[in-house]
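**Student:** coords below, sequence missing:
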């Protein structure tokens, strides 16, 4: 299993970023996928999940601001993040998540998102 996140960076408050996660080594189209994040010194926070049939779930913290999607033809899952806040600063992880919640089953190396003016 390999999950490679990209798209992180520095963005101003109110801005947007789209994270991507390229998956390989498993049957992507069958796997529920998720995004989670972690601030140094704090626990992992589950954010959003998507089943193989497209059903999506969000934690209240990001509902209405973040959108998860997947492209099974490209073995890629995305997280569109809008209206970013400084408290969204964290390392973001893509994951295979069979129960759509913590603990995650497999996760990538993460990508840093920093929201700051």
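**Tutor:** Looks like it came in fine. Just so you know, these numbers come straight off a predicted model, no measurement behind them.

**Student:** how far does the worst-scoring helix or strand of the chain on mean pLDDT sit from the chain's center?
**Tutor:** For the chain, counting by mean pLDDT, DSSP states H and E, strand 106-107 ranks last in confidence among helices and strands (a mean of 94). Mean-position distance between strand 106-107 and its chain equals 11 Å (CA atoms, centre = their mean, to the nearest Å).

**Student:** mind checking pLDDT for the nearest residue to residue 48 once chain neighbours are set aside?
**Tutor:** Sequence neighbours aside, residue 68 is the residue nearest to residue 48 in space, at 4.3 Å (criterion: CB to CB, 6 or more residues apart in numbering). Heads up, the C-betas are built off the backbone N, CA and C, glycines and all. Residue 68 carries a pLDDT value of 98.

**Student:** Is residue 68 located within a strand, as I assumed?
**Tutor:** Yes. Counting by DSSP: H, G, I helix; E, B strand; the rest coil, residue 68 is part of a strand.

**Student:** so it touches residue 78, yeah?
**Tutor:** Yes. Using CB atoms under 8 Å, residue 68 is in contact with residue 78, at 6.9 Å.

**Student:** pLDDT value on the residue most central in space within the chain, please?
**Tutor:** Closest to where the C-alpha atoms of the chain average out (CA atoms, centre = their mean) is residue 35, at 2.7 Å. On pLDDT, residue 35 comes in at 98.

**Student:** Now do it against residue 59, distance only.
**Tutor:** Note on residue 35: its distance to residue 59, by CB to CB, to the nearest Å, is 10 Å.

**Student:** With residue 67 instead?
**Tutor:** From residue 67 across to residue 59, the span is 13 Å (CB to CB).
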